[in-house]
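Asker: Structure for this input, please:
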Amino acid sequence: MFRSLAMKARTLAPLGDRVLVRRAAKEVQTAGGIILPSDKTKDPNEAEVMAVGPGERDVSGTLHAPTLKIGDQVLLPEYGGMKIKMEDEELFLFRESDILGKFE
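Answerer: Residues are numbered from 1 along each chain as shown. Here you go, the predicted structure:
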């Protein structure tokens, strides 16, 4: 019981140039109104940034701050990222350079 309470209080702070994102919900209904089973729909490539690391250091030691911030809507590659499960929620960890773009 103590372990499950401790797991709920956990937070994850990305290191370096890593970005923690939550993918958008899968679409289960087509434009024509056909309802698709959730296992047959592909993962969306849009996500919301949940946490951002401090940035990446170059060889001289200069810290380059990330361009993304919490709450940004981003475009993800079709494959990649590390899946992390926290409190019944799937989050993904990407390098900032792997993220394709940011929606304005």
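Asker: pLDDT on stretch 47-64, on average?
Answerer: Across stretch 47-64, the average pLDDT comes to 93.
Asker: Identify each buried residue in that stretch, please.
Answerer: Ala47, Val49, Met50, Val52, Gly53, Glu56 (16 or more other C-beta atoms under 10 Å). All C-beta atoms are positioned from the backbone trio N, CA, C, and that covers glycine.
Asker: Can you name the residues that contact the nearest residue to the last one once chain neighbours are set aside?
Answerer: It stands for Glu56. Closest residue in space to Glu56, ignoring its immediate chain neighbours: Asp17 at 3.9 Å, by C-beta to C-beta, 6 or more residues apart in numbering. By C-beta atoms under 8 Å, 6 or more residues apart in numbering, the residues touching Asp17 are Gly53, Gly55, Glu56, His64, Pro66, Arg95, Glu96, Ser97.
Asker: Out of those residues, which sit inside strands?
Answerer: Secondary structure assignment by DSSP state E places Glu56, His64, Arg95 of the contacts of Asp17 in strands.
Asker: centroid residue for this protein?
Answerer: Val21 (1.6 Å; C-alpha atoms, centre = their mean).
Asker: How much space separates it from Gly33?
Answerer: Val21 is 30 Å from Gly33, where distance means C-beta to C-beta, to the nearest Å.
Asker: Next up, the contacts around Gly53.
Answerer: Going by C-beta under 8 Å, 6+ apart, the list of residues near Gly53 reads Ala13, Pro14, Leu15, Gly16, Asp17, Arg18, Val19, Pro66, Glu96.
Asker: where's it relative to Gly71, distance?
Answerer: Taking C-beta to C-beta, one finds Gly53 at 16 Å from Gly71.
Asker: Ok, Ala47 next?
Answerer: 11 Å.
Asker: cool, Val19 as well?
Answerer: The separation that Val19 has from Gly71, given C-beta to C-beta, amounts to 12 Å.
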